[in-house]
Structures are given as structure tokens and as C-alpha cells.
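Undergrad: Sequence below, structure please.
(chains A and B)
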Amino acid sequence: NAGVTQTPKFRVLKTGQSMTLLCAQDMNHEYMYWYRQDPGMGLRLIHYSVGEGTTAKGEVPDGYNVSRLKKQNFLLGLESAAPSQTSVYFCASSDRRGRTYEQYFGPGTRLTVT
Amino acid sequence: GIQVEQSPPDLILQEGANSTLRCNFSDSVNNLQWFHQNPWGQLINLFYIPSGTKQNGRLSATTVATERYSLLYISSSQTTDSGVYFCAVRNSGNTPLVFGKGTRLSVIA
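TA: This next block holds a predicted model:
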């Protein structure tokens, strides 16, 4: 059981380039989330999904798009990267077994935009 | 939305000392989790504790939901306890967790 995995672990982009971050979970969880973490800011929610084919905006969605075509995968896209998107990105998943919705995190992707 | 405040923001301890970290939240919750972010950046689940008390080794946590706070106790601290401790809450259904800004703990040998 790998839990939550993220690809890639590190990436450097030039301003204006695009990329997709992949999150995968093997726990059959219904809910998946993308957060970003900046120094002194804690974790802030970008987008989330409550099931296959559904997505919703979080606290800081601008400049990002997401897709959940398969239950086990949640993709985060940057169409035109900006230096303000330099951050560490975390994916998480949770399930409602026992109505706990306990959330589990992936290892993170460190993105630098120059 | 719900607000989460953690205190203290920074804490320095001598190895072997005990500490208490606090999390206050502004509304009723149906989920509260404590996480440890180690120096390598990994977020590790410590406790799922929307109410009551739990213990895991040297760590324990108590949530008093009616008074809207949770406490994380670390006893006999070790250098491996260093990192940032986050409290996160959810106040309804399947809405995402909202995080506090964390307490940065440094344990010195």
C-alpha cells in the first residue's frame, strides 16, 4: 500500500511555461485535495474533489486547474506559471469510512518558477 | 469560514523536557487532526481527535470540543520531535480541513 504518491518531487519552470502535477492514491478514497505551503502561511487549499468527475475551488484557486477523471488520480495544472506559484504542493486524500474523513498526505512537490 | 489559531508559534526545548501545544478554533468541528511536519517536509498524521483524549507513546492529545480547543502534549522530548506541528479542523460533512499556521518546535540536545 503506497498511500498517496506525487509526481514529480521537484521541478523548475520558467515564467509562462505549463506543467501538470500528478497525485495518485491506492486507498480507494473518494475525496482528494491539493494544498500549497508557503513559509509562515501554513497549508492553503487550492482545489478539491469529492468524487470522480467532480472538482471544487478552495481558498487560492487562481492560476490553477484540476481534473479527476479517475477515482485514484487528481491532476493539478499550471497553464502559465508565475513566480508567485513557487511553493511546495501537497496532495491529500480522505474517505468517509466510519464518518471520520481522516486526511492523509503525499510527500509533496517542490516547484520553483524563475 | 472557521478560524484556527495555534500557540506558541515557536518553541525551543532542551532534550527531555515536556511541552504543551495549543489549538483554538472558532466553530464546532466534526474532525480535528494533529500533524507533524518533519525537517524533510513530510506531513505525518499524529492524531485524529475531534473530542476526548488519545495517547500514542510519548505524545498525547486532548480536545475539548465544547470549549473549542485542543492540546498536544509531548513528554520527554527528543531531537527527532523537531519540526512543525499543525492542527487542522473541519466543521461540516466532507469539507476540506482548514489548517492553523503551526508551532515550530526545536529540541536541542
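Undergrad: Close to chain A: what parts of chain B are there?
TA: B:30-31, B:33, B:35, B:41-43, B:45, B:48, B:86, B:88, B:90, B:94, B:96-102 (C-beta under 8 Å from any C-beta of the partner chain). Glycine gets a C-beta too; all of them are placed from N, C-alpha and C.
Undergrad: among the residues you listed, which are in strands?
TA: Within the residues of chain B next to chain A, residues falling in strands by DSSP state E are B:31, B:33, B:35, B:43, B:45, B:48, B:86, B:88, B:90, B:98-99.
Undergrad: Now list the buried members of those.
TA: B:31, B:33, B:35, B:43, B:48, B:86, B:88, B:90, B:98-99 (16 or more other C-beta atoms under 10 Å in any protein chain shown).
Undergrad: any chance of the residues you listed in TSV, plus pLDDT and distance to residue A:112?
TA: TSV is the format used below for these (pLDDT from 0 to 100; distance: C-beta to C-beta, whole Å):
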residue	pLDDT	distance to residue A:112
B:31	89	33
B:33	95	29
B:35	96	24
B:43	93	20
B:48	93	33
B:86	96	23
B:88	95	26
B:90	89	31
B:98	91	27
B:99	92	23
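Undergrad: pLDDT value on the nearest residue to residue B:48 once chain neighbours are set aside, please?
TA: Nearest non-adjacent residue to residue B:48, counting by C-beta to C-beta, 6 or more residues apart in numbering or on different chains: residue A:102, 4.7 Å away. As predicted, residue A:102 sits at a pLDDT of 84.
Undergrad: surely residue A:102 meets residue B:31?
TA: Yes - contact criterion C-beta atoms under 8 Å: residue A:102 and residue B:31 qualify, at 7.4 Å.
Undergrad: Overlap of the contact sets of the two?
TA: In terms of C-beta atoms under 8 Å, 6 or more residues apart in numbering or on different chains, residue A:102 and residue B:31 are both contacted by the residues residue B:48.
Undergrad: re the thing from before, out of the buried ones among the ones in strands among the residues of chain B next to chain A, who's nearest residue A:70?
TA: residue B:43 (23.8 Å; C-beta to C-beta).
Undergrad: Apart from its chain neighbours, what residue comes closest to that closest one?
TA: residue A:105 (4.1 Å).
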